[in-house]
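*Asks:* Structure of the sequence below:
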Amino acid sequence: MYSLKGIRSLHSLVFGRQEDQDPLCKTLRASDVPVTTADCRACADPCDLGHEAYPRRFDIDMDTQMLGSVKPYHRQIVISTGKSDWTKDITDDKQSLAAAFVEVTSNTGPSLPATSVSPKPTSPPSKGVRPVTGLFSTSDSTRTSVLNGSHRSLCHEEDHESVLVFPDFKVVTEVRHSVQGARELWESAVDPSVEREGAYFEKSNLKTWILPYSCVILLCSHRRRDNRCGIAAPKLEHGNPAFIKSLEAQGWDADTQLEHPQLTFGLPLEDLNERHENIMEQLKQSTESKRALIVKVSHVGGHKYAGNCIIYTPSGSGVWYGRVTPHDVDSIVDNTIVKGLILPPLLRGGLNLSKPNCQTINDW
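*Replies:* Numbers count the residues shown, from 1 in each chain. Sure thing, here's the model as predicted:
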């Protein structure tokens, strides 16, 4: 009688390993991206578990190659608004911090896309070769992606915002709703010449903390930009199943509003000595927290691939998934968030996903 191990070995010998048969999986592995061949769906097709589905007229592109549909960027910022929908172009609101930020950082005038600020490079771009289109590192671009988010500001003053900064995995608070506030944010935390530790100025009132979460999940909910994202995001956030329920089933906590990091880490980074060492210690502490923050955000591009989902980790990785449905959520939580492995069929692109000598995207 053959053992189970023997049967598997014979199957691999005759048919080859699944990852060897999948060209995309093989390509990603060759680029040191930790991947899994697990199914994206956690149910049969058609579903036999009673999962919520998108409406019949929810028409998305199921044919075009998604990988490569994300433009490289150096940093992505998410500005607190407490809303889940915004004007079609977030900079149309001239009183918004997004509009002020673009005004401060743009060198090319009003024709520049609102969510793609490309300042004049402060240093030559990296000459590193990206083996897979759609996979990039922070050194491949000086572009800043600007988003509005559903999280409320942690600040007491109404005209001050709290801005999430990725892949740095931190929040900058006390950012004034003004051109001067946008300039301070740029100079202290977003300018490509600024390292993860940030640049600190004596007269600045900005306060910065590492985010106390194992991951941050961004869901595009920009209905006025495309109705499909306005439909997808709520179902992915709190439907059946959805990220909140699936995370809780794994024993994790899932927040939809940012808890003040001061409760976890105490003093802001500006008040700490040996900032680099403290930042690394706090990031690793966040990785082990089994907590997730879910934020609905404005237009990220590629609405034809709704639902769009971006997952950031303390280790500095950013995973862009598209065509995500409630049927896929359990697999994303189990494989990508908990185990740190990429599901290739859902991948639109990613930041810092190449992890040589690492088993998962959560490794350092």
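
*Asks:* And residue 50, what's its pLDDT?
*Replies:* Predicted confidence (pLDDT) for residue 50: 89.

*Asks:* If we ignore the residues flanking it in sequence, what's nearest it?
*Replies:* Of all residues not flanking residue 50 in the chain, residue 240 sits nearest, at 7.3 Å (C-beta to C-beta, 6 or more residues apart in numbering). All C-beta atoms are positioned from the backbone trio N, CA, C, and that covers glycine.

*Asks:* give me phi/psi at the one you found?
*Replies:* phi -130, psi 110 (degrees, to the nearest 10).

*Asks:* try the one 10 residues further on
*Replies:* Phi and psi for residue 250, reported as degrees, to the nearest 10, are phi -90, psi 0.

*Asks:* Can you report how many residues lie near it?
*Replies:* By the criterion of other C-beta atoms under 10 Å, residue 250 has 14 neighbours.

*Asks:* you'd agree the residue nearest to residue 50 is up against residue 53?
*Replies:* No - the pair residue 240 and residue 53 fails to qualify as a contact (C-beta atoms under 8 Å) at a distance of 10.2 Å.

*Asks:* picking up where we left off before, the residue nearest to residue 50: what's it in contact with?
*Replies:* Residue 240 sits next to 50-52, 326 when contact means C-beta atoms under 8 Å, 6 or more residues apart in numbering.

*Asks:* Which of those residues are buried? Put it as a ChimeraX command.
*Replies:* Listed next is the ChimeraX selection for buried residues among these, using 16 or more other C-beta atoms under 10 Å:
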select :51,52,326
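
*Asks:* if we can go back for a sec, between residue 240 and residue 53, what contacts are shared?
*Replies:* With C-beta under 8 Å, 6+ apart, residue 240 and residue 53 have common neighbours residue 326.

*Asks:* how would you label residue 349: helix, strand or coil?
*Replies:* Using DSSP: H, G, I helix; E, B strand; the rest coil, the structure places residue 349 in strand.

*Asks:* List the contacts of it.
*Replies:* Neighbouring residues of residue 349 by C-beta under 8 Å, 6+ apart: 67-70, 134-136, 320.

*Asks:* let's see 7 Å
*Replies:* Residue 349 makes contacts with 67-70, 134-135, 320, as judged by C-beta atoms under 7 Å, 6 or more residues apart in numbering.
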